[in-house]
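1. one predicted model, sequence on top.
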Amino acid sequence: MKRQSWGIALAVAAGGLIVGTTQVTTTGASSPGATVTLTVGLQQDLDTPNVTAGYLVASYELWNLQYATLTDKAANDFATIPGLAESWTASNDGLTYTYTLRDGLKWSDDQPLTAEDVAWTINTSRDQVWLNHSAVTANLTAVALDDRTVEITSAVPDPKLPTMDVYILPKHIWEEPAAGDVTTYEALDGVGSGPFTLKEWKPGQEWTMEANPNYWQGVAAIDQVVFRLYTDGGAMAAALENGEIDAAHNLPAELFVEMSKHVPSPDLRDGEQGIVTVAGEQGGFTELAMNGMAGGLGDGHPALLDIDVRHAVALAINRDELFERVALGIGTQRDTLGVSPNTEWNPEIPADQQLNYDPAKANELLDNGGYLDTDGDGVREMPDGSRSLTFRYAERSESTQAEGIRELVTGWLAEVGIATEVSVYDDTQLTDIIASGEYDMFVWGWTPFVDPDTLLSYFKCDQVTTDVANPLYNDANWCSPEYDALYAEQNQELDHARRVEIVHEMLTLFHNESTYVVLYHDAETQAYRTDRFEGWLRQPADIGPVLFSNSSPTYYNLKPLAGGTGDDSGDSSTAMTILLIAGGVAVLAAAGFVVIRSRSRRDERD
Amino acid sequence: MSVLELRDLHITYRTEGGDVPAVRGVNLTLERGDTVGLAGESGCGKSTIAAAVLRLLPKGTNVSGQVLLEGEDVYAMKPGRLRAVRWTSAAIVFQGALHSLNPVRRVGHQIAEAIRLHAPHGSAAHHTDARVGELLERVGLPAERAQHYPHQLSGGQRQRVLIALALACEPKLLIADEPTTALDVMVQAQVLALLEELQRDHGLSLLFITHDLSVLTHTCEKLAVMYAGRIVEQGPSQTVFNSPEHPYTRALAASFPTIGDPASRMNPRGLAGDPPDPSALPSGCPFHIRCDVATPECTTLDVALRDVVSPGAAPGRSAACVHVGVARV
Amino acid sequence: MRAGFVIRKCIGAISTLAFVVVFNFFLFRIVNRDPVNSMFRGRNLKPEKLAELRRKFNLDGSKWDQFVAYLRQLLHGDLGYSLKGFRPVATVIGETLWPTVLLVGTSTFLAMIGITIGYRAGWRRGSKFDTTATSLSMLTYSMPEFWIGMVFLGLFSAKLGWFPVGGLEDPGSHATGLTKWLDQLHHMLLPATVLGLAYVGEYMIVARSAMIETLNEDYLQLARAKGMRDDEVRRRHAVPNARLPVVSLSAINFGFIFGGAIAVESIFSWPGIGQATYLAVRGPDLPMLQGLFLLISAGVILANLVADVLYGKLDPRVAGR
Amino acid sequence: MSESVVELTNVRVQFDGGRVHAVDTVSLQVGRGEVVALVGESGCGKTTLIRSIIGLEPLAHGSISVLGESVGGRRGLRALRRRVQMIFQDPSGALNPRHSIYEAVAEGLRIHKVKGHEPTLVAEALSNAGLRPPHRYLRRFPHELSGGQRQRVLIAAAMALQPALLLADEPVASLDASIRGEILALMRSFVDLHGVSIIAVTHDLGLAWNIADRVAVMYLGRIVEVGPTEEVLRVPKHPYTQALLSVVPEVEGLPQQILTGETPDPSRIPSGCRFHPRCPLVASGEADRLGFGDRCRGVDLELEPEVGVHRVACHAVTFAAGATPTTNASGTATAG
Amino acid sequence: MSVEADLPLASPRSIRWSRRRASLAETGRRIRKDRLAVIALLVLIGFVLLAIITPWITDRADFNAINTGNNPTNQPPNGDYLLGTDRYGRSVALQLMWGARVSLFVGFVATVLTIVIGVLIGLAAGFFGGWIDALLMRITDWFLVIPFLPTAIVLAAVLERSLWTVVLVIGITSWPSSARLVRSQVLSVRERLYVDRARALGAGRLHIVGRHILPNVTPLILASATLAVPISILTETTLSFLGLGDPTSISWGGMLDQAQQSSAVTAGHWWYYLPPGIAIMLVVLAFTIFGRALEEVLDPRLRAR
């Protein structure tokens, strides 16, 4: 799990990242034999194609397509299904799994893909602490029993197994870089086992992936995918509407809403069917966090130690209005954390425990707690009168929604007599401030992995930072032994139903403590054109995104529409020609004018 | 045919503050080989005349009367003809040699430019270069100076370059507008000597404009003294300087003391008051407020230039004062 | 002493560069930040790995040690690593350099049309041409370049669809030769026009006042007296003198255009230095920003040096003695 | 002979770290009520010399004393600058365009805290300088006055402090010829009425003839001839003075002797007699014929020792007089 | 000549005052002749007045998002909302008015900072000369050459986001040109003959600086300050647009940033990004026109022409 801005493979964060859209421009989908190209617009470039070093959302999409995993995730519900491994067996103690690879697996460069590749990837990533592998492989040991059999042993009981969604890398390519500093490897080799492999990267502009002829499920129906970078979301939306791109990821919310209204678009060109918008949930959410001050670091406001104050804060916030006005209703309102894109982990909070907008009750709680406005300045004071209920409120400069949230939240808090002092930080600064504990409340968010364990682990007592130089993950500085006990239990519970139950209990507990006021669950704003391709898949079904989902099954599933036009390059080049001619004429005319004028003027002054 | 003839020339500048009459009815004739000095205080209109001859006045300046260069009215010329006449019929040695030369062009280039502008088409470049060298040597500078930029030359050298430049197209008339004002005495003497020599050798007509009456007396045969846009006295220079008729000329001449003359020893003389503001001239004779012999009629009567007919007066003298001329007969 | 003049100017430029290096280093250490900590939260990285990363970003040791290390790196042409995926800053800059050179070059060229206009306007001070040109220049000068970009993008790309909404070339284009050239031209026209428009006014105004400065010079009067045509006087005598202030201001303006490119490139998704800066600012990717700043400064310092030397060439008085 | 107001002894002024010898060993004495004209071409050091008297240029060598007190050091500077006043060549530049005439005249009074009713003092000063009635001028600004009036304002401001010595740097060079006489007459009247002494720097020999008691001719930082005006201008002894006089149009009868070459450059002083490269005697071979040509080229010399009131620094003169050529002796001129 | 001027022996004070009045009147007269400058000045006065009275005639709370829940969002201009509303239903017109306060405030304060630094350094360099001059000018050259906007951006990116940071950043990056200007003016005034005369009169340094140099440099400083304000405003705008301004206060640049963030351009919400842009343009244009007119009147070098 990670902060929203550093999305990881499975989840994609929205937050304040400059994300892009996808754009699909094809050249000649209609003519047989021509390359079928899907163009996707997005607002974020790759950081690096090197899977051991990158961490941006865009890069995960690349790896999802380029590297197959032992087990796949079902498109509709994330169920673990066979991937490179066609089957697996578990040992009795549940610590060891033996996977059997499919027959005849080949890398895109025609080298055979063997169990040795798998074992090498798992063991090396564990030893070298690769960024995107080590969370899964930290406790694993893999042994290649033969070309098609690999045995993986976990040092601790792990409910996540047998799911093995780690990118398997081609040993013959990576062995050499891994012998040195693997993170400096450029990884432009484009050798993989997934449906598409990297063909070319033009940093700052786009990257192109081409269909892998050796993909184990067979070669994809589209020949290549171009990921096109737009720094400006509006420009990306315009490109989608103009047909320059086929799909867009992370559209600006306003334009997304606007587009949603116009389905099908009234100004379609011939043969176009329209633009479909998709608000894809990933389990990510935005929260207002309050400093619980466990661990003794920092200088949080003492009033926040009082659960009544935290409840009052939660009750003062009209989350429904916030969701409608700031998130524009894109996403879902949920009472507590999302710990997985899979909604089965979300608990139902009993009605009597819900903390819905009720300023009267908030006032009552505060009044009863002795937090009264004794000096009549509209702001309550502590019961002992020592200081006022003025909270430092931190937000991220990267977030486009921060302003709306701030205006509303601070406004509502003021209405129950709680003052705020707003500061704006970039992510790096805010992280440092949170680590130092010198804050009262902040707004940020998380996006979870499919398995809830990681996000749940962040709120354990041992994740409270006590050393500024080595920040841990419990950013609310909240500690509950009860929660910790439940965590330990689910962590090794191999019975899925039971594990879900425990997680529900943990989340309800967390909700009731009101350390986080979960404002809303975000959704990816995506849109695609329906005139050239069909087969768009949402993951998970009905609520998830079509692109940048956990395993991004859409691309392989897409088929070009017969008779679909979309080769608009003719259009634009005609326009360009006209334009150039017009420009040329204008330049000539201007030059002529200048010459004539200067002729006629020559003698004026004499 | 006269080389230059000014006929009833009036020049009025148009400024934001209203019209400023700078020249008010000047008649002047230069025959071939004549050297005429034009003297007067600042603001009397003498430099305006220099600019007027080649039609170099600012746009919008009102000119009436005629300027005849070899019989042809400069103000009736078509632009092409005007350009052809400039520098070939008359050339000017401007005042302030530092500013009259383009600082970013080699001086040789600037001379050559004038030659090329008026050369028949197709004349070879090396002819021009040779001619530039020749001209520079003519004014006492080594030919290599052509390669120098103005700032690399001294004031006197620059003035020589300007003279060479003026000679480039062998004009019949040379107008020297305060050519020595900024120079040191000795250099001034050098330049004056050079001008005299050139005038003699080339049979040039010379219109010499300066405020320094004593310089003119030595350099020019004829002298015209201007006051407030008008010539107030005219005649052979020695007689004008030594026995002026007009009270203004008399005062002006007296302010150049003759060294060795006991009359001026410990007795500086000059003229009270300041030169008149051309935009607000006094009524009558504009000089009357500074004049020590003014009479009541001077405040209303502005006498035109007329011949001095007093007995013993040198021929060709004229003055514009009620006290001279007819009155003395 | 021409050589002496050039050497003097070079020393000046080098000292400025040295200042920029020092300024650049300490500027980014004003705030105590540990990007590594915040960047890799949630990764369960071992402390050894974090320490290794810190070393990589030159964040360990005292400030002085860091500075020495920084200098050593610089001498090897190493600008450090971007926080984005450990890519060497120098590599990233290398990739973004060409599009910016293209864009800034084109728009500078466009903006320099203002010089010609300015000369003419100044020459005919007060004429209708002058009034029109000056008014328009003041107008474009007063508009923030990115705002012009927003308006143009909204009008010509989003609404009218005449131009692509951004990028260097068509998506997935592998065109070569003329097609590629035309494609890039088509993409560049809008941002280059915006950037050019934003600065054309400044060039025009500077050129105009430089021309007006020369208007009353006596050598123009002399040139006219020589029998030169009016436009020749302008071209051969007025312009060479009016060029001097324009040259030195062009160099300074070059820095401004670079600045303007940051916002404009980001609006038009132009994959150049400007967009990289924008992304680095929003990141924030401090090592990247540091490298970019150094590069841009070096570019502008170089431009100034060229202008200085050119100035010496154009005006013999400057380098003459 | 009256007591001396200012006494310069072997004054040397250098610029550019000693590369340029603007003034090179000059001695001069000016008596009370005496007017001395310092003549020479531009660059000969005459302006530098008077600026050094008022402490605007530091001395490299030698000493200056005014009314018996030596100049130099910051202490006495202010007092000195009351006793010595200066007027400048360009009256427009010497008046702050933003200060009214009143302030221009009052400035010195204020600096020196002159006792008395300031407006009265100012009005009197203006009146004395011929600006009458004074109150018509008080509120005016320099640009509203003519050049002559401005120079009168400067003179009024200087004289308001009742100085003993007036230094005039080309006081009429920038004025119209017709105005010059009036200004010179005004200056002379101050000498006659108030007994002020004047050192007037000029390139205009006519000015010297008009008002000066004595003339000192400078060439390349050194006085080459000094003496009573009538003698020096009527019977110049130094070839340079002779040449200078010959080219002045106001002088009748002298055959013109135009020196070749440019105004001398004080950073490159020739060896021997500093005038020898331009000296007509040397150029014509006359000096060699008479046998002192080598001396002209090789031996530097200063003014003759005090053998008379009219003194010269020329090998021809000393040779003719049979006197031993002086090389290092430094004579002091006596006031006439 | 006025009767008053003829009064004999007026007191020095009255002379000084009448002189000041006269020069002020003269400046005013010259400016008044420039019709464009007068219009520019009126525009400026209009904006400043608007900025001043805004808190009296409008309520900041009216466009606090918390109070705009019932307003229509993204409405084009209409009877209720003269310039329409933004994505949170806030009146663009109100934002524009309050934004004027911030933009002008930053423009003025940053300019004051710029000028103060510039004048101190320029005065010191010009007056003391020698090594102080050489050192200060070397530093000035450094700052002059390093590109202004990138420097400002980098500084603002490193420092915390607030209005004062923006002010500081503009001050730090834009002082060199005013320092150079002041220095050159000081040098030129110092060489004037009247300064020589003052020294010859016995004036001390303080007297010369106070009576001659400063009064002659001040008008130029004033003119260049007027010309520096629009640059400060543009810089603030750019920084805000790049997200480096103070997000908690609304400035015109911040509005443009907001417009950009909410995709107003591509969504066709022209009323959101045109008004602040036009306001910036008007103010900058007015300042520039007025500044240039002022410069022409106050700068003797330009006036001479």
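-> All right, it came through fine.
2. in stretch A:364-382, what counts as buried?
-> Buried residues in stretch A:364-382, counted by 16 or more other Cβ atoms under 10 Å in any protein chain shown: A:365-366, A:369, A:371, A:379-382. C-betas here are computed from N, CA, C, even on glycine.
3. any idea which of those is closest to E:V217?
-> A:V379 (49.9 Å; Cβ to Cβ).
4. check which helix or strand that closest one maps to.
-> For A:V379, there is no enclosing helix or strand under DSSP states H and E.
5. how close does it sit to chain B?
-> 65 Å (Cβ to the nearest Cβ, to the nearest Å).
6. for that residue, which residues are in contact?
-> Contacts for A:V379 (Cβ atoms under 8 Å, 6 or more residues apart in numbering or on different chains) come out as A:373, A:388-390, A:417-419.
7. of those, buried ones?
-> Counted by 16+ other Cβ under 10 Å, the contacts of A:V379 give A:388-390, A:417-419 as buried.
8. just these: which are in strands?
-> A:390, A:419 (DSSP state E).
9. need the max-distance pair from the buried ones among the contacts of A:V379.
-> Farthest pair in the buried ones among the contacts of A:V379, by Cβ to Cβ: A:T390 and A:G417, 10.4 Å.
10. how distant is the longest strand anywhere in chain A from the center of its chain?
-> Scanning chain A for the longest strand, with DSSP E as the assignment, gives strand A:275-290. Put simply, strand A:275-290 sits 9 Å off its chain's centre (Cα atoms, centre = their mean, to the nearest Å).
11. for it, which strands pair with it and how are they oriented?
-> strand A:441-447 (antiparallel), strand A:516-529 (antiparallel) (DSSP bridges).
12. just checking, next helix/strand downstream of it?
-> helix A:307-316.
13. buried ones in that following helix?
-> A:308-316.
14. and the helices in the stretch 101-250 of chain D, which stretches?
-> Ranges of helices within the stretch 101-250 of chain D are D:101-111, D:118-128, D:135-138, D:147-159, D:177-194, D:205-211, D:229-234, D:239-247, based on DSSP state H, counting those that start in this stretch.
15. hey, least reliable of these by pLDDT?
-> Mean pLDDT is lowest for helix D:135-138 out of these, coming in at a mean of 85.
16. ok, and A:C479, which helix or strand is that part of?
-> Residue-wise, A:C479 maps onto no helix or strand under DSSP H and E.
17. isn't it up against A:C461?
-> Yes. With contact defined as Cβ atoms under 8 Å, A:C479 reaches A:C461; the gap is 4.0 Å.
18. residue of chain B with the smallest distance to chain D?
-> Closest residue of chain B to chain D, Cβ to the nearest Cβ: B:G270 (2.3 Å).
19. that residue and B:L252: what is the separation?
-> In this view, B:G270 and B:L252 are 9 Å apart by Cβ to Cβ, to the nearest Å.
20. and the strands in the stretch 201-350 of chain A?
-> Here the stretch 201-350 of chain A has its strands, by DSSP state E, counting those that start in this stretch, at A:206-211, A:224-229, A:247-249, A:275-290.
21. revised request: answer the last question for the stretch 1-150 of chain D.
-> According to DSSP E, counting those that start in this stretch, the strands that the stretch 1-150 of chain D contains are D:4-15, D:20-31, D:35-39, D:61-66, D:69-70, D:84-87.
22. cool, the stretch 451-600 of chain A as well?
-> A:516-529, A:533-534, A:559-560.
23. which one of the ones you listed lies closest to D:P249?
-> strand A:516-529 (94.8 Å).
24. now the angle from that closest one to helix A:307-316?
-> 30 degrees (axes from the mean of the first three to the mean of the last three Cα atoms, to 10 degrees).
25. state the mean pLDDT of strand A:516-529.
-> pLDDT averaged over strand A:516-529 gives 89.
26. from the chain's centroid, how far away is that strand?
-> With Cα atoms, centre = their mean, you get 10 Å for strand A:516-529.
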